[in-house]
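Visitor: Sequence and predicted structure, then a few things I'm wondering about:
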Protein chains: 4
Amino acid sequence: MEKINVGVIGATGMVGQNYIRLLDNHPWFNVTYVAASPKSAGKSYEEAVMGKWQMVTDPPEKVRKLIVGDANDVNQAIGKCTLVFSALEMEKEKIKELEKEYAKAGIPVFSNASANRHVDNVPMLIPEINSNHIEIIPLQKKANGWDKGFIVVKPNCSLQSYMTPVYALVKAGYEVKRMIITTMQAVSGAGYPGVPSLDMIDNIVPLISGEEEKSEIEPQKIMGKIVNGKIVNDTSMKISAHCNRVPVIDGHTACVSLEFGAKKPSLEEIKKIWKDFRSEPQELNLPFAPKQPIIYREELNRPQPRKDRDSDKGMAATVGRLRECKVFDIRFVCLSHNTVRGAAGGGILNAELLKAKGYL
Amino acid sequence: MEKINVGVIGATGMVGQNYIRLLDNHPWFNVTYVAASPKSAGKSYEEAVMGKWQMVTDPPEKVRKLIVGDANDVNQAIGKCTLVFSALEMEKEKIKELEKEYAKAGIPVFSNASANRHVDNVPMLIPEINSNHIEIIPLQKKANGWDKGFIVVKPNCSLQSYMTPVYALVKAGYEVKRMIITTMQAVSGAGYPGVPSLDMIDNIVPLISGEEEKSEIEPQKIMGKIVNGKIVNDTSMKISAHCNRVPVIDGHTACVSLEFGAKKPSLEEIKKIWKDFRSEPQELNLPFAPKQPIIYREELNRPQPRKDRDSDKGMAATVGRLRECKVFDIRFVCLSHNTVRGAAGGGILNAELLKAKGYL
Amino acid sequence: MEKINVGVIGATGMVGQNYIRLLDNHPWFNVTYVAASPKSAGKSYEEAVMGKWQMVTDPPEKVRKLIVGDANDVNQAIGKCTLVFSALEMEKEKIKELEKEYAKAGIPVFSNASANRHVDNVPMLIPEINSNHIEIIPLQKKANGWDKGFIVVKPNCSLQSYMTPVYALVKAGYEVKRMIITTMQAVSGAGYPGVPSLDMIDNIVPLISGEEEKSEIEPQKIMGKIVNGKIVNDTSMKISAHCNRVPVIDGHTACVSLEFGAKKPSLEEIKKIWKDFRSEPQELNLPFAPKQPIIYREELNRPQPRKDRDSDKGMAATVGRLRECKVFDIRFVCLSHNTVRGAAGGGILNAELLKAKGYL
Amino acid sequence: MEKINVGVIGATGMVGQNYIRLLDNHPWFNVTYVAASPKSAGKSYEEAVMGKWQMVTDPPEKVRKLIVGDANDVNQAIGKCTLVFSALEMEKEKIKELEKEYAKAGIPVFSNASANRHVDNVPMLIPEINSNHIEIIPLQKKANGWDKGFIVVKPNCSLQSYMTPVYALVKAGYEVKRMIITTMQAVSGAGYPGVPSLDMIDNIVPLISGEEEKSEIEPQKIMGKIVNGKIVNDTSMKISAHCNRVPVIDGHTACVSLEFGAKKPSLEEIKKIWKDFRSEPQELNLPFAPKQPIIYREELNRPQPRKDRDSDKGMAATVGRLRECKVFDIRFVCLSHNTVRGAAGGGILNAELLKAKGYL
């Protein structure tokens, strides 16, 4: 199979850097185009990220020499890549329009930005949960009059740790009615320079602006159904989220209390459901799919961000401490890698899914 | 007024050190006796804590030279002090018996240990909430055949941040039915050496052994009533607690989601109730009583441990982020200083209360 | 004695906030004027620092309501204060000129900025070392044609930990020829937002831009002599400094290796010199003067920032681990509080000195 | 080539765990034996490390099931492995004897312990520097009357960062006369539980017991020569080391000031020497040998532990900030991974060297 040429727009920011890092040696994709702000445009990628590169490995040899395009000018991408990963950092409305322009120009967009997440014909994918939402793409193209381009988005990083474990229970026939969640989120989620060290030494901050809202609303779309060319949210599951910033580099942790509907599984059943859970990315054997999407750890003091975030290439959700809740039915702790599964890795998995299903 | 001579048993551990630090220049109490394990007994306090002293100020001049007694030998305390603060660190059953021996010997015990917390005639005090529970002391003395001695305990540090704010609402007439709480607790709660740094750099640990149980059960006794010479728990409020260890020196934070009974206050009413809340320690003007027991902060990103733990000498609870909960009625974040309000400071306030009420 | 009315220019930044905090209830000074950038001008101080206030105590009641002036407009200060503390954060050349304008307008300036540090008739004071340098002030006034105004500066925070201990040895008759110093500096030195948390979790950064140069050159002026109306640097002591940023909130630590001239004191003599060291601020009993400017700790693992930075109100230098050096003569570790002694506290001590000596 | 069966003694401690982790899928070695204290003996390795495992990857499948032997009983190792890696943690004298017993029993010992480091016929290897010291092994065997067994040790982790860069200069003809070094060392060096978090949050500790002595003396043996069957130390290079513990998980950083002899290279020459430096492990293409033993980074703020420790599998030394020293000739910052290069990885490289040179 010939590799597909891909671009990364917003390639010099931290999410963009993660795309560059994770796409190195990807078996299906080949980075042939990078774009960023007009300030970076015209420089080599190496120059453009000088003093800004935050990854622990150096930029891959062949990306270093690529000349950075202007992300605002869609024409510069044409002919240089077949699809783009969007890690744009600009005003929301501007991103919304720009991503549409790429799609209009025939370039499928796999976006990390929140701008298009609530457009009702744009699928917001966690491929383990709602890979079927890609079926809306022909309708999205048609509604916009687009030929080859389309937009697919991924949800916010904060919900990756709990949504797959919760979905696995729903899929097994146990309705989930209510959840109260407290997250303890890593600083990498805020980019660089991001969270000041004065806030993260001997301290935590009980606020991440906008994060609680995303954690509560996005699951409703992910669990939704396609009806008449639109994804209709499933509002049956109520979520309340407390989001906190803690002094951790990578890995968002969540403490979850959950109430089932009438049918309630035992703790042992739940563990079995999680261990046995497999989904389309595993069946399709996608390169970035975790072999086991939900890892349950029996140790009483796990998951822990430093020890569990890199499980299965940083793409698995790790769960532990399943026990009865004194108020709802069950409670547990879960964790996922926010800059891999929750950002660039998730975007790559989305593109792999679309490729495997013949959309690219 | 002549100062009361007090002892600290378990004086060389971290809670004991905090007692020594906080009692320095206390207007009512004078440390005249310190006791610890047989290994420390016979040494000067200064020698006994050499290489173990964890406070940021040095040991007070007059305590340095005190000769450490053997905490196991109650006779050594007799005549040296009128009451003791117990910061014993030994097997639970041993503490339970030893504290009784001090009481039997005529020495009132103000304990930080959990050993006697669930003895039904021992009051577990947060003086802002259940100062009336001290009325059980005559019954406790009688039941044990004790003359002057008695035992008073304080609850676990984890619940100090939320219990006073919750009680203030109950007192104002709003029944609280259910709460789901996630704590992010400081490492000082585990003593020294305590939590390894390998667990607290770029990491959090979602387990503090025994802490969730205490956080759920102890409030029931604090909210209880004296009936027939016993404190009977109030089990009407259901609590589920997730307890986490985070890289913070001092200050336990809690994210709380709370469900009221039929009567539900508005957010503005709640803030007013908290701001106006006063109780017996304030009325009695006790030296360690915070002027304002519940401080509400309007800034969106507060409370934060490093900035709010020392409010009102470390004795106030700081609350913020009051907002509606998507699942229950309200949610908020609260914080208290675990080694001051939650440990030695709380014990001292208990003793002040008993003194002011004529029990000493 | 009537209190002197003082202003703080650059009052909303982190050094300015520290001035406001430390001047609260000062026995000699009364904050009656605050100034900042045009953006803040016209607001109350409370409004101006909203969301920016980084101190752990809230702004003092009476400063909250002060209306912020425009620091660029010297006229606004006239009549409102007798002297100003300068915590300006702007381009160096601009600060240099602006501080002169205040002096010209008759307002003495006590500056934390580096802009005027190397003007040869501006004294750079560590009052324990070179309080005699204030004798240049009449000459400075004359040279500039100023009537009542003048400029006094304080040196960089990084050298406060080692300069007083080193000077004490020189004063005792032991020439110091060479020093190699490695600092481990707190993040508060960089202000807010300052150092990103991504750089300070599980990491250190071996660079603080410009800091090594200051650490090497400023001591030469401090140790200098007034000759013909100029302070002439003493270049006899060679210093090489490595400056590192470490995950500490407050307190700069330095590891020092030092070579004496021909005359070499014993380790015991050195400790005695340090313990006995007193200087003009102590003799004048200045409010911010530490009782004991150099505290030597015998514990093998001290000084430590969290435990020693607050010694004597954060104004003392704490030294430990004095031992022989395998390459030079001696080595030791020293520490001082960078935002107190090394910034606002040092500036206040300078003003106290000038007041006590009749210059104000 | 058939793989060599190897054992790890002291396999359950943190260095032992690193051996198990790093030896997984080693192309030449196969872990067939693990031994630890009598308390662990008889359990499966999985059981023995339960609750103690500190690596971020789980124990390798085939080691999990190995039954742990008693490290004190050399006979248990016989027949189960051809050589052992020693990560013993016991009294120094006991280790010294026990390692000799293994050697006597015909089992070569590659040790991380300090016990035999100063035995004059035991080579202390950094293969990039003194691989020729292995020529003493026949003499060591003869002196002890050993047949197949022998002992090879590796030096302390603190000196790995600077010794190879310094040696490269010496090898290029530039005598190094004096060095003053300040290290900032990671907490993993102290094992688990190791350094308390109360010492590493908002703090550093300026003492690592015994570490300065090792950092000063061990280089003399490494730079030594074999004379009459003994390794004679080279005492011409004077080193003074300040060793500090900082809140970093892995990676020891050192700030070095260095004085040359009469011949002094330019900064550009030095960089070239470092970049071009290659040695026997590279020539032999040993599996754990870094391709480039000394990596020089031009960025002004590097090396940093979190970003540079994993360079070339954690086996390279990373150097940066080369500049003139105001006191000596040059200064620079260097870094190496203490638990890989400085511990288990270094031990494995030693064994690879011995294998490649026909000693195994």
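Guide: Yep, that arrived.
Visitor: Check the gap between the residue in the stretch 1-150 of chain A that chain D sits nearest to and residue D:113 for me.
Guide: The stretch 1-150 of chain A approaches chain D most closely through residue A:56 (5.2 Å), counting by CB to the nearest CB. In short, each C-beta sits where N, CA and C put it, glycine included. In this view, residue A:56 and residue D:113 are 31 Å apart by CB to CB, to the nearest Å.
Visitor: neighbour count winner among these two?
Guide: Taking neighbours as other CB atoms under 10 Å in any protein chain shown, residue A:56 and residue D:113 compare with residue D:113 leading, 22 against 14.
Visitor: Now for the residue nearest to the more buried one when sequence neighbours are not counted: which residues touch it?
Guide: Counting by CB to CB, 6 or more residues apart in numbering or on different chains, residue D:113 lies nearest to residue D:95, which is 4.8 Å off, once chain neighbours are set aside. By CB atoms under 8 Å, 6 or more residues apart in numbering or on different chains, residue D:95 lies in contact with D:86, D:88, D:111, D:113, D:115-116.
Visitor: Throw those into TSV and include distance to residue B:247, pLDDT and secondary structure, thanks.
Guide: Shown next, in TSV, are the contacts of residue D:95 (distance: CB to CB, whole Å; pLDDT from 0 to 100; DSSP: H, G, I helix; E, B strand; the rest coil):
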residue	distance to residue B:247	pLDDT	secondary structure
D:86	34	98	strand
D:88	32	96	coil
D:111	35	98	strand
D:113	32	95	coil
D:115	35	95	coil
D:116	38	96	coil
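Visitor: Which pLDDT value does the model give residue A:300?
Guide: Note for residue A:300: predicted pLDDT of 95.
Visitor: mind listing the strands for the stretch 51-200 of chain A?
Guide: Ranges of strands within the stretch 51-200 of chain A are A:69-70, A:83-86, A:109-111, A:151-153, A:176-185, based on DSSP state E, counting those that start in this stretch.
Visitor: Can you lay out the ones you listed as a markdown table showing mean neighbour count and distance to chain D?
Guide: A markdown table is the format used below for those (neighbours: other CB atoms under 10 Å in any protein chain shown; distance: least, CB to the nearest CB, whole Å):
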| stretch | mean neighbour count | distance to chain D |
| --- | --- | --- |
| strand A:69-70 | 21 | 25 |
| strand A:83-86 | 29 | 24 |
| strand A:109-111 | 28 | 28 |
| strand A:151-153 | 26 | 31 |
| strand A:176-185 | 26 | 16 |
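Visitor: Serialize the ones you listed to TSV and add fields for distance to chain C.
Guide: Output for the strands of the stretch 51-200 of chain A, formatted as TSV (distance: least, CB to the nearest CB, whole Å):
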stretch	distance to chain C
strand A:69-70	27
strand A:83-86	22
strand A:109-111	24
strand A:151-153	25
strand A:176-185	12
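Visitor: circling back: how about the residue of the stretch 1-150 of chain A closest to chain D: what's its closest non-neighbour residue?
Guide: Leaving aside its chain neighbours, residue A:56 sits nearest to residue D:307 (5.2 Å; criterion: CB to CB, 6+ apart).
Visitor: swap in residue A:38?
Guide: Spatially, and ignoring its direct neighbours in sequence, residue A:38 is nearest to residue A:70 (5.2 Å; CB to CB, 6+ apart).
Visitor: Wait, a helix at residue A:274?
Guide: Yes. Residue A:274 sits within a helix when classified using DSSP: H, G, I helix; E, B strand; the rest coil.
Visitor: if we can go back for a sec, can you redo the strands of the stretch 51-200 of chain A as CSV with distance to residue A:134?
Guide: Compiled in CSV, the strands of the stretch 51-200 of chain A are given as follows (distance: least, CB to CB, whole Å):
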stretch, distance to residue A:134
strand A:69-70, 28
strand A:83-86, 14
strand A:109-111, 12
strand A:151-153, 7
strand A:176-185, 24
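Visitor: Figure out which of these is closest to residue C:360.
Guide: strand A:176-185 (51.4 Å; CB to CB).
Visitor: Direction included, what does that closest one pair up with?
Guide: Strand A:176-185 has the following strand partners under DSSP bridges: strand A:238-245 (parallel), strand A:252-260 (antiparallel).
Visitor: tell me the contacts of whichever residue of chain A sits closest to chain D?
Guide: Nearest residue of chain A to chain D: residue A:202, at 4.2 Å (CB to the nearest CB). Applying CB under 8 Å, 6+ apart to residue A:202 gives the contacts B:247-249, B:305-306, C:249, D:201-202.
Visitor: again, 7 Å this time
Guide: Residues in contact with residue A:202 (CB atoms under 7 Å, 6 or more residues apart in numbering or on different chains) are B:248-249, B:306, C:249, D:201-202.
Visitor: Distance check, the nearest residue to it once chain neighbours are set aside against residue D:99.
Guide: Closest residue in space to residue A:202, ignoring its immediate chain neighbours: residue D:202 at 4.2 Å, by CB to CB, 6+ apart. Distance, residue D:202 to residue D:99, by CB to CB: 41 Å.
Visitor: Next, the closest residue to residue A:325 other than its chain neighbours: phi, psi?
Guide: Distances taken as CB to CB, 6+ apart put residue A:331 closest to residue A:325, at 4.1 Å, once the chain neighbours are dropped. Per-residue torsions, residue A:331: phi -140, psi 160 (degrees, to the nearest 10).
Visitor: Need the pLDDT of residue A:331.
Guide: Residue A:331 is assigned 98 on the pLDDT scale.
Visitor: That one - how many residues pack around it?
Guide: 24.
Visitor: so it makes contact with residue A:320?
Guide: No. At 11.2 Å, residue A:331 does not count as touching residue A:320 under the criterion of CB atoms under 7 Å.
Visitor: Can you name the residues of the stretch 51-200 of chain A that neighbour chain B?
Guide: A:178, A:180, A:182, A:184 (CB under 7 Å from any CB of the partner chain).
Visitor: Of the residues you listed, which is the nearest to chain B?
Guide: With CB to the nearest CB as the yardstick, the closest approach to chain B among these comes from residue A:182, at 3.6 Å.
Visitor: which residues does the closest one bridge with?
Guide: residue A:242, residue A:255.
Visitor: was I right about it contacting residue B:182?
Guide: Yes. When contacts are counted by CB under 7 Å, residue A:182 is listed as touching residue B:182 (3.6 Å).
Visitor: hey, what's in contact with both of those two?
Guide: In contact with both residue A:182 and residue B:182: A:242, A:255, B:242, B:255, using CB under 7 Å, 6+ apart.
Visitor: Farthest pair within these?
Guide: Of all pairs in the shared contacts of residue A:182 and residue B:182, the most separated under CB to CB is A:242 and B:242 at 10.7 Å.
Visitor: Now for these two: what residues contact both?
Guide: Counting by CB under 7 Å, 6+ apart, the shared contacts of residue A:242 and residue B:242 are A:182, B:182.
Visitor: residues near the nearest residue to residue A:308 once chain neighbours are set aside, how many?
Guide: Nearest residue to residue A:308, sequence neighbours excluded (CB to CB, 6+ apart): residue A:318, at 4.1 Å. Neighbour count for residue A:318, taken as other CB under 10 Å: 27.
Visitor: Could you do residue A:61 as well?
Guide: 9.
Visitor: Please list all residues in contact with residue A:147.
Guide: Neighbouring residues of residue A:147 by CB under 7 Å, 6+ apart: residue A:106.
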